[in-house]
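Novice: Model the following, please.
(one chain, ligands or ions: 1)
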Amino acid sequence: MNQNIKKIITIDGPAGAGKSTLARELARRLTWIYLDTGALYRALALTALQRGLDPHDQTAAEKLAASLDLTARPTPDGTSIMVDGRDVTSLLRAPEISLAASAISAWPGVREALLGLQRSLGAKGDVVAEGRDMGTVVFPEAGLKFFLYADPKFRAERRFRELSACRRDITSEEVLADILERDQADCRREASPLKAAPDALTIDSTNLTIDGVLKVMVNAFRNRFFGFK
Ligand code: DC
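Specialist: Modelled structure (predicted):
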């Protein structure tokens with residue numbers, strides 16, 4: 001393995017493109033750590049809602065982010081989050097938390113407050129980090145960067161299938177509207193907007209299976225870190 005290449009792989013992309021499944025599986029295959037940075041923004045959003053704060057209120061959001069006792073522990077399945085010593089991991093996936101996380105993550109002070117924690121979690125290397133700005137801002141020195149894209153309708157269908165297994169009250173139109181709203185918010189914000197790093201390999205997963213994308217990723221890894229063609 002080429003020791004001069006930073007052993008961090010970043011996977012950025014819009015909601016529902018399959019980032020979590022792929023980052024988790026890639027980390028498992030490489031026996032690296034899987035880091036889900038969306039969980040940090042979700043924990044912040046959850047706490048804001050629990051405390052009756054508006055995630056769209058910049059002052060309140062930035063004050064909360066700067067003062068919150070947030071700790072994260074990577075596990076093979078995801079990133080466990082504790083707020084004030086309480087494990088909140090199981091509460092983070094609800095749709096209302098997704099929208100609140102998208103809103104709260106737009107504030108520069110919020111992103112700044114979470115930067116050190118994210119970097120410390122990746123400091124030892126051997127990490128597959130998933131999010132929106134992993135390759136552009138948090139780990140610009142990463143050895144390998146992916147930007148995972150998929151058509152919004154396809155992403156919404158996949159999310160709908162996942163959600164409808166546990167929720168009967170949600171429609172596919174609502175899921176698509178949520179996805180489009182989050183895409184807009186994530187791409188248009190001024191602070192670290194969602195975009196591919198110039199040196200990222202973009203993969204359109206619309207017509208690929210998870211295994212198909214994984215194959216592309218593993219090949220890119222072998223090529224980059226071991227010089228295999
Ligand atoms: O990946 P996710 O759906 O769990 O992320 C939830 C929200 O957090 C997403 O709408 C945007 C934000 N986010 C971010 O701005 N930067 C990251 N690195 C990860 C997530």
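
Novice: and the protein, which of its residues are near the ligand?
Specialist: Listed as neighbours of the ligand in the chain under the rule C-beta under 6 Å from any ligand atom: 15, 37-38, 41-42, 98, 101-102, 105, 131-133, 182, 186. Where C-beta positions appear, they are placed from N, C-alpha and C, glycine not excepted.

Novice: And the residues you listed, which two are furthest apart?
Specialist: Within the residues of the chain next to the ligand, two members stand farthest from each other by C-beta to C-beta: Ser98 and Asp133, at 17.3 Å.

Novice: helices or strands up against the helix or strand of the chain with the lowest mean pLDDT?
Specialist: Least confident helix or strand, the chain: helix 152-164 with a mean of 87, by mean pLDDT, DSSP states H and E. Helices and strands touching helix 152-164, by 3 or more C-beta pairs under 8 Å, 6 or more residues apart in numbering; DSSP states H and E, are helix 172-188.

Novice: which residue packs closest to the residue sitting nearest the centre point of the chain, ignoring adjacent ones?
Specialist: Among the residues of the chain, Gly131 comes closest to the average C-alpha position under C-alpha atoms, centre = their mean, at 2.6 Å. Counting by C-beta to C-beta, 6 or more residues apart in numbering, Gly131 lies nearest to Thr37, which is 3.7 Å off, once chain neighbours are set aside.

Novice: ok, now how distant is the one you found from Phe146?
Specialist: Distance of Thr37 to Phe146, computed by C-beta to C-beta, to the nearest Å: 15 Å.

Novice: same question, Ser192
Specialist: Where Phe146 is concerned, Ser192 sits at a distance of 17 Å (C-beta to C-beta).

Novice: Show me which residues of stretch 148-157 are buried.
Specialist: Across stretch 148-157, burial judged by 16 or more other C-beta atoms under 10 Å covers 148-150, 152, 154-157.

Novice: distance between that stretch and the chain's centre?
Specialist: Stretch 148-157 has its average C-alpha position 15 Å from the chain's average C-alpha position, going by C-alpha atoms, centre = their mean, to the nearest Å.

Novice: Would you mind writing the CA trace of that stretch as PDB?
Specialist: Output of stretch 148-157 as PDB, limited to C-alpha atoms (Å, rounded to 0.1, in the frame of the first residue of the first chain):
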ATOM      1  CA  LEU A 148     -22.600   9.500  -5.400                       C
ATOM      2  CA  TYR A 149     -25.500  10.700  -7.500                       C
ATOM      3  CA  ALA A 150     -28.800   9.200  -8.400                       C
ATOM      4  CA  ASP A 151     -32.000  10.500 -10.100                       C
ATOM      5  CA  PRO A 152     -34.300  12.200  -7.500                       C
ATOM      6  CA  LYS A 153     -37.300  10.000  -8.500                       C
ATOM      7  CA  PHE A 154     -35.200   6.800  -8.000                       C
ATOM      8  CA  ARG A 155     -33.900   8.100  -4.600                       C
ATOM      9  CA  ALA A 156     -37.500   8.800  -3.500                       C
ATOM     10  CA  GLU A 157     -38.700   5.400  -4.500                       C
END
